[in-house]
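[1] quick one, what's the 3D model for this:
(one chain, ligands or ions: 1)
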Amino acid sequence: MNAVQLTEGIYCLPVNLESYQLFEGMWPMPNGISINSYIVRGEKTALIDLVEDVNNKPADFEAELASIPVTFDEIDYLVINHMEPDHTSWLPTLLQKNPDLTFYVTTKAADLLKSFYGVSENIHIVEDGESLELGAGKVLTFFETPNIHWPETMMTYEQSSKTLFSCDAFGSYGTLDDVYFDDQLSTRQHDFFLNEALRYYANIVSSFSTFVLKGIDRLEGLDIQTIAPSHGIIWRENPQAIIESYARFASYLKGPAEPEVTVIWSSMYGNTERLVKHIVQGVRMEGLPVHVYQVPDEHVGAILASAWKSAGLILGMPTYEYEMFPPMAWVLDMFRRKKIWNKKVLRFGSAGWVGGAQREFTKLTEGLKWDFIEPIEWKGAPTQGEFDVAVKQAQLLAKNVKAFCQA
Ligand code: FEO
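    Have a look, this model is predicted:
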């Protein structure tokens, strides 16, 4: 693949990771992901962010660089917006090819450069708002945006083209194959990338939502004509669309999220499962969209995206050896880590012979700022009485979600 030109002297070098790989070693990527580096060429040349050293992917990067053409010894500066190895792990090889390049990094990134790669020379630590003249009208300005998504992160803005190289912020899952810019997307593809942005956000960024909002505030007043993230599509027709999407995703932390309900259920022998259709019926009676996930069949990566976006959650799990069915405890632990906060919540499930799931559920959801309604729990198999209560309680939960979202 060739590099993709954004404008005179600015190029994107996207490298696609395929769907069989797990992002961060744990997140399924059914549609893969792109890792985008950028070249900005004035009289001097800057490389912004780098490729992951995995599955011979740097060969794609090298071919794209050659297509511009730029040789390794022509690169004067390596700007590292973010040190996570998906953007830096090829750095040792790059340094062998060009030992003379100068790093532009934040103070914290300089510490990480040493601890990850043993690099401590040719480092220029940038001040927030500092600029670097590349000549021929190209000027890079650096903005510290910590914790999007590591503490050392910054964004880089090229003044002449008004392009923001935002690294993880405003990124998405999904490979870049035939289209690279938002104005090349069909409506279906546009929706695809926004959905992929949501799933990426819920998996990778959600814990740092407060910092996302601070970062967006930090960019206030900057004339941004193009958002060039390190994952996913480049937004040049309507960069505001992805900024507003990220601001909306971040707002779900405090809530309310969208007027939707996500039902997450697990069952050992079908006694908890038998309530699911009645739960769904109750939500639908209030006209709300309902998304249903079975645990452990569905990976928590997909569940997180739906739960993050939904103002209401209904969780079903039976008791297992005096505690909660273990796969659901894993989901709740991930909800704690990813700050799935401020939801309207109903729990249901079979108590088996004596119960225990509700006790563990109460413990695991402490601190999540969830607003519960009366749970539905029964010994052994459910009866018509439980089916009726399931409809009634799911309907009540849906009413609460609607009120929450209208408040
Ligand atoms: Fe794409 Fe946080 O690295």
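[2] looking at the stretch 301-407 of the chain, which residue is nearest the ligand?
    With Cβ to the nearest ligand atom as the measure, residue 338 is the residue of the stretch 301-407 of the chain nearest to the ligand, at 14.3 Å. (C-beta placed from N, C-alpha, C; glycine too.)
[3] ok, now the stretch 51-200 of the chain?
    Closest contact between the stretch 51-200 of the chain and the ligand, by Cβ to the nearest ligand atom, is at residue 84 (3.5 Å).
[4] need the contact list for that residue.
    149-150, 168 (Cβ atoms under 8 Å, 6 or more residues apart in numbering).
[5] tell me how far it lies from residue 151.
    Going from residue 84 to residue 151 by Cβ to Cβ, to the nearest Å gives 11 Å.
[6] break the protein into its domains for me.
    Here the domain assignment for the chain is 4-251, 258-406, based on automatic domain parsing.
[7] close to the ligand, is the one helix or strand residue 109 maps to?
    Using DSSP states H and E, residue 109 maps to helix 107-117. No: judged by Cβ under 6 Å from any ligand atom, helix 107-117 stays clear of the ligand, getting no closer than 11.9 Å.
[8] what helices and strands are in contact with that helix?
    Using 3 or more Cβ pairs under 8 Å, 6 or more residues apart in numbering; DSSP states H and E as the contact test, the elements touching helix 107-117 are strand 102-105, strand 123-125.
[9] kindly recompute the last result at 6 Å.
    Other elements packing on helix 107-117 under the criterion 3 or more Cβ pairs under 6 Å, 6 or more residues apart in numbering; DSSP states H and E are strand 123-125.
[10] so what strands line up beside the helix or strand just after the strand it packs on?
    Of the helices and strands lying after strand 123-125 in sequence (DSSP H and E), the nearest is strand 131-135. The pairing partners recorded for strand 131-135 under DSSP bridges are strand 138-144 (antiparallel).
[11] hmm, who's touching the partner strand?
    40, 42, 106, 126, 128, 130-133, 154-160 (Cβ atoms under 6 Å, 6 or more residues apart in numbering).
[12] which of these count as buried?
    Buried members of the contacts of strand 138-144, counted by 16 or more other Cβ atoms under 10 Å: 40, 42, 106, 126, 132, 154-158, 160.
[13] so of those, which ones are in strands?
    Using DSSP state E, 40, 132, 154-158 are the members of those that sit in strands.
[14] the residue nearest the centre of the chain: what's its closest spatial neighbour, skipping adjacent residues?
    Nearest to the mean C-alpha position of the chain, by Cα atoms, centre = their mean, lies residue 201 at 2.1 Å. In this structure, residue 201 finds its nearest non-sequential neighbour in residue 249, 4.6 Å apart by Cβ to Cβ, 6 or more residues apart in numbering.
[15] state the distance from the one you found to residue 388.
    For residue 249, the distance to residue 388 - Cβ to Cβ - is 37 Å.
[16] more neighbours, these two?
    Using other Cβ atoms under 10 Å as the criterion, residue 249 and residue 388 rank with residue 249 on top: 22 against 12.
[17] in a helix, the more buried one, correct?
    Yes: counting by DSSP: H, G, I helix; E, B strand; the rest coil, residue 249 is part of a helix.
[18] wait, it touches residue 202, no?
    No: counting by Cβ atoms under 6 Å, residue 249 does not reach residue 202; the two are 7.8 Å apart.
[19] and the contacts of the helix or strand hosting residue 13?
    Element membership of residue 13 [criterion: DSSP H and E] is strand 10-17. Contact with strand 10-17 is made by 3-5, 32-40, 51, 57, 60-61, 64, 68, 161, 175-176, as judged by Cβ under 6 Å, 6+ apart.
[20] so which of those residues sit within helices?
    By the criterion of DSSP state H, membership of these in helices covers 57, 60-61, 64.
[21] among those, which are within reach of the ligand?
    Checked against the ligand using Cβ under 6 Å from any ligand atom, the ones in helices among the contacts of strand 10-17 give no members in range.
[22] alright, calling it a day.
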